[in-house]
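>>> need the 3D shape of this:
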Amino acid sequence: MRPQIILFGDSITEQSFRYGGWGASLTDTYSRKADIVVRGYGGYNTRWALFLLHHIFPLSSTMPPVAATIFLGANDAALPGRTSERQYVPIEEYKENLRKIVRHLKECSPTMLIVLITPPPIDEEGRKEYATSLYGEKAMELPERTNEVTGTYANGCVEVAKELGVASINLWSKMQETQGWQKKFLSDGLHLTPDGNGVVYEEVVRVFKGAWLSATEMPSDFPHHSEIDPNDPQTVFQQRRL
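All right, here's what the predicted structure looks like:
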């Protein structure tokens, strides 16, 4: 059985198998090496994600995933008193929820590679344009998210990763290193363009390679066709003890 890598998060993870998506790119990279399992839930914050842990990462599993990405926080960082306030989670609760998630995953498998990914930056003007396209004149003038507040959550995510000794990707900082990141990486001020997905993919692969999960070093699940003797096909399979 191929090892599993689970991508757990909100809509940015749920959409990762769309054209140009970072999850789809990971599936291509780890083809015949590992199964990429997407568990993304649009609109979810860390408070709601906690209810899914035992379903997605059951402690009774005899084959837990070898790695998991935890990509949450974009919804937690919604501002109270604005249009998305139902998703808001205070920063300290957000950090504690991440701790609970990481501790559960470590209990599920002490050897699991856990990667926390911060929310991406927010293009406030892009969010306003998106709201106007949906609601017209009824759109609120004030943004439901700001880049500054989201940055606080990103920093909190990195702090928790360091505290618990797991890997992290500061997507909020990484994307802002590129001039014109607002339109290059974000489609609606929050969700990712193909270029934005590319950044996530490259960062995840970098972390995986830096740990022990390089696709090029992992065995394929069955022999390459060039290894099969057409006159004695069973031998190579017997040698692999499949």
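>>> residue ranges for the helices of the protein, please.
For the chain, helices defined by DSSP state H occupy the ranges 11-14, 22-29, 46-49, 53-56, 91-108, 124-135, 147-164, 171-175, 181-185, 194-210, 233-239.
>>> mind giving me the packing neighbours of the third one?
Same thing as helix 46-49. Counting contacts by 3 or more CB pairs under 8 Å, 6 or more residues apart in numbering; DSSP states H and E, helix 46-49 is packed against helix 91-108. Where you see a C-beta, it was placed from the backbone N, CA and C, and this is true even at glycine.
>>> what's the helix it packs on packed up against?
Judged by 3+ CB pairs under 8 Å, 6+ apart, helix 91-108 is in contact with helix 46-49, helix 53-56, strand 67-71, strand 113-117, helix 147-164.
>>> one more pass at 6 Å, please.
helix 147-164 (3 or more CB pairs under 6 Å, 6 or more residues apart in numbering; DSSP states H and E).
>>> mind listing what's buried along the helix it packs on?
147, 149-151, 153-158, 160-161, 164 (16 or more other CB atoms under 10 Å).
>>> relative to Asp229, which of the residues you listed is nearest.
Ranking those by separation from Asp229, with CB to CB as the measure, puts Ala161 on top at 48.6 Å.
>>> quick one: contacts of stretch 116-124?
Residues outside stretch 116-124 that contact it (CB atoms under 6 Å, 6 or more residues apart in numbering) are 69-71, 73-74, 143, 145-147, 150, 153-154, 157, 161, 168-172, 175-176, 182, 186, 189.
>>> that older thread, most packed of the helices of the chain?
Per residue and on average, the most neighbours among the helices of the chain fall to helix 11-14, with a mean of 23 (mean count of other CB atoms under 10 Å).
>>> mind listing what Arg47 touches?
Val89.
>>> if we use 7 Å, what do you get?
When the contact criterion is CB atoms under 7 Å, 6 or more residues apart in numbering, the partners of Arg47 are Val89, Glu93, Asn97.
>>> and the second one, how far from Gly156?
Okay, so that is Glu93. In this structure, Glu93 and Gly156 are 10 Å apart, going by CB to CB, to the nearest Å.
>>> same thing with the last one?
Using CB to CB, we find Asn97 at a distance of 10 Å from Gly156.
>>> ok, now Val149?
Relative to Gly156, and taking CB to CB, Val149 is found at 11 Å.
>>> ok, Leu171 next?
In this structure, Leu171 lies at 14 Å from Gly156, with CB to CB as the measure.
>>> do Ser226 as well
With distances taken as CB to CB, Ser226 is found 50 Å from Gly156.
>>> burial check on the nearest residue to Thr83 once chain neighbours are set aside, number of neighbours?
Using CB to CB, 6 or more residues apart in numbering and skipping the chain neighbours, the partner closest in space to Thr83 is Glu144 (4.6 Å). Number of residues near Glu144 (other CB atoms under 10 Å) recorded here: 22.
>>> again with Thr146
Applying the criterion other CB under 10 Å, we find 17 residues in the vicinity of Thr146.
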